[in-house]
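Chemist: starting from these lines, generate the structure:
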Amino acid sequence: MPSLNAQEEDLAQASSYFRHAAASYGHLDLLEYLISKGGDINISDEDGDTPIFTVESVDVARWMVEHGAKVDVQNNEGQSVSTCAALKGT
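Modeler: Numbers count the residues shown, from 1 in each chain. You can find the predicted model right below:
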């Protein structure tokens, strides 16, 4: 049986995935729900990306910033949110 810490880590990773996916696909209703239940809009994944790194639209990015997403962060590769957005053409 896995330790409680391993189970907590798995849950945190899954929770992070849902926020990243919701941001990427523009599911603001899901993002709002997750945040209302205490989810951190600035949680980072194993690459150091926060959910705003995955955004595909300006409207979603604006909503996220209005709800506390930080834009002055860098991922593990040293890329900023604006650099990633420029690379995607967002």
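
Chemist: start to end distance for stretch 68-76?
Modeler: Terminal residues of stretch 68-76 are spaced 21 Å apart (C-alpha to C-alpha, to the nearest Å).

Chemist: show me the contact partners of that stretch.
Modeler: If you take C-beta atoms under 8 Å, 6 or more residues apart in numbering as the criterion, stretch 68-76 is touched by 35, 41-42, 44, 47-53, 61, 65, 80-82, 84. Any C-beta I mention is one placed from the backbone N, CA and C, and that applies to glycine too.

Chemist: pull out the buried residues from those residues.
Modeler: Those of the contacts of stretch 68-76 that meet the buried threshold are 35, 41, 44, 49-53, 61, 81, 84, by 16 or more other C-beta atoms under 10 Å.

Chemist: now do the helices in the protein.
Modeler: Here the chain has its helices, by DSSP state H, at 4-25, 28-36, 58-66, 81-88.

Chemist: quick one: S16 and T54, what's the gap?
Modeler: Distance, S16 to T54, using C-beta to C-beta, to the nearest Å: 11 Å.

Chemist: er, S44 actually
Modeler: 11 Å.

Chemist: contact partners for the closest residue to T54 other than its chain neighbours?
Modeler: Nearest non-adjacent residue to T54, counting by C-beta to C-beta, 6 or more residues apart in numbering: S24, 3.9 Å away. By C-beta under 8 Å, 6+ apart, the residues touching S24 are 51, 54-56.
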